[in-house]
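> Would you be able to build a 3D model of this:
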Amino acid sequence: DGDIDALLSAFDALGQGLAVLTLVYGYSGVGKSTLVNEIHKPVIQKNGRFIAGKFDQFKRNLPYSAFIQAFREAVKQILTEPEAQIAYWKAQFLDAFGSIGQVIVDVIPEIELLIGKQPPAPPLGPTETQNRFNFILQRFVGLFAQPEHPLIIFLDDWQWADSASLNLLQLLVTHPDNQHLLLIGAYRENEVTAMHPLLSVVEAIEQSGVTVKRIALNPLTEADINAMIADTLHTTHAYVASLTALVVNKTGGNPFFVREFL
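From the prediction side, this is the model:
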């Protein structure tokens, strides 16, 4: 409950300056993704838009994979809205992208259903192409991260993030137009060592003045597990004390292992 409150307070802090970055970390199976998904409904009830993506250890050669997954989800959400809302978003996108809409269509194909066929983007050199790509992704995020509908992007498994995604993370959360953006990143603590590039990027983000909140998830306590087992079996805490001790001994209190073992 305390960790959920911390996430919701980060959401409530939006609009008071720059974006907010919240990091949730712990061992595999400790419940990072489950925790973050608990704020999905409360955020929607406050007119927030919640989108999510996940890095994959076998797709590290695909830049921005988790971001693109989340952005595609955002467009799919729009496509389910009433016609008037779809027309509103179409106008917003066309205005924001101008003559380079094909750049965003190339990575988010669903957006073509909103803005129609786009002319080919003019060819540029490698550096200019990268800058143009970052610019259009920032415009895309900026349209969603507004006072009337803040944007929450949850990206899981940052221990497998590529360098381009780390650069985009820094760009988005430090951009002055993204005051209504909450970016939540989850990672396996045991796989992000002191030399991991994520930590240096987070340090640079903090130095730029962005609020960075950290939530460390620990294994369940014996009392937590005892309460859960007693509740599940509709009996007293004392009656399942020996079973609780066995579960703790076998699982170390890791929630995923607890559930699988039971």
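
> report the longest helix in this protein, please.
helix 126-144 (DSSP state H).

> Any idea how far that helix is from the middle of the chain?
With Cα atoms, centre = their mean, to the nearest Å as the basis, helix 126-144 stands 19 Å off its chain's centre.

> which stretches of the protein have low pLDDT?
For the chain, no stretch is flagged by pLDDT under 70.

> any idea which residue sits dead centre in it?
The residue lying closest to the centre of the chain (Cα atoms, centre = their mean) is F154, at 1.2 Å.

> Partner strands of the host helix or strand of it, with direction?
Using DSSP states H and E, the element containing F154 is strand 151-156. Partner strands for strand 151-156, per DSSP bridges, with pairing direction: strand 49-54 (parallel), strand 181-188 (parallel).

> what angle separates it from helix 126-144?
Note on geometry: by axes from the mean of the first three to the mean of the last three Cα atoms, to 10 degrees, strand 151-156 and helix 126-144 are set 120 degrees apart in direction.

> Now the element after strand 151-156, going C-ward?
helix 163-174.

> what does that following helix rub up against?
The contact list for helix 163-174, computed with Cβ atoms under 8 Å, 6 or more residues apart in numbering, reads 18-21, 55, 63-67, 134, 137-138, 141, 161, 178, 181, 183, 185, 197-198, 201, 204-205, 208, 210. From N, CA and C alone the C-beta is placed, and that goes for glycine too.

> Which residue, neighbours along the chain excluded, lies closest to K90?
Take K90 and drop its neighbours on the chain: the residue closest to it by Cβ to Cβ, 6 or more residues apart in numbering is L114, 5.0 Å away.

> Distance of that neighbour relative to L94?
Using Cβ to Cβ, to the nearest Å, we find L114 at a distance of 9 Å from L94.
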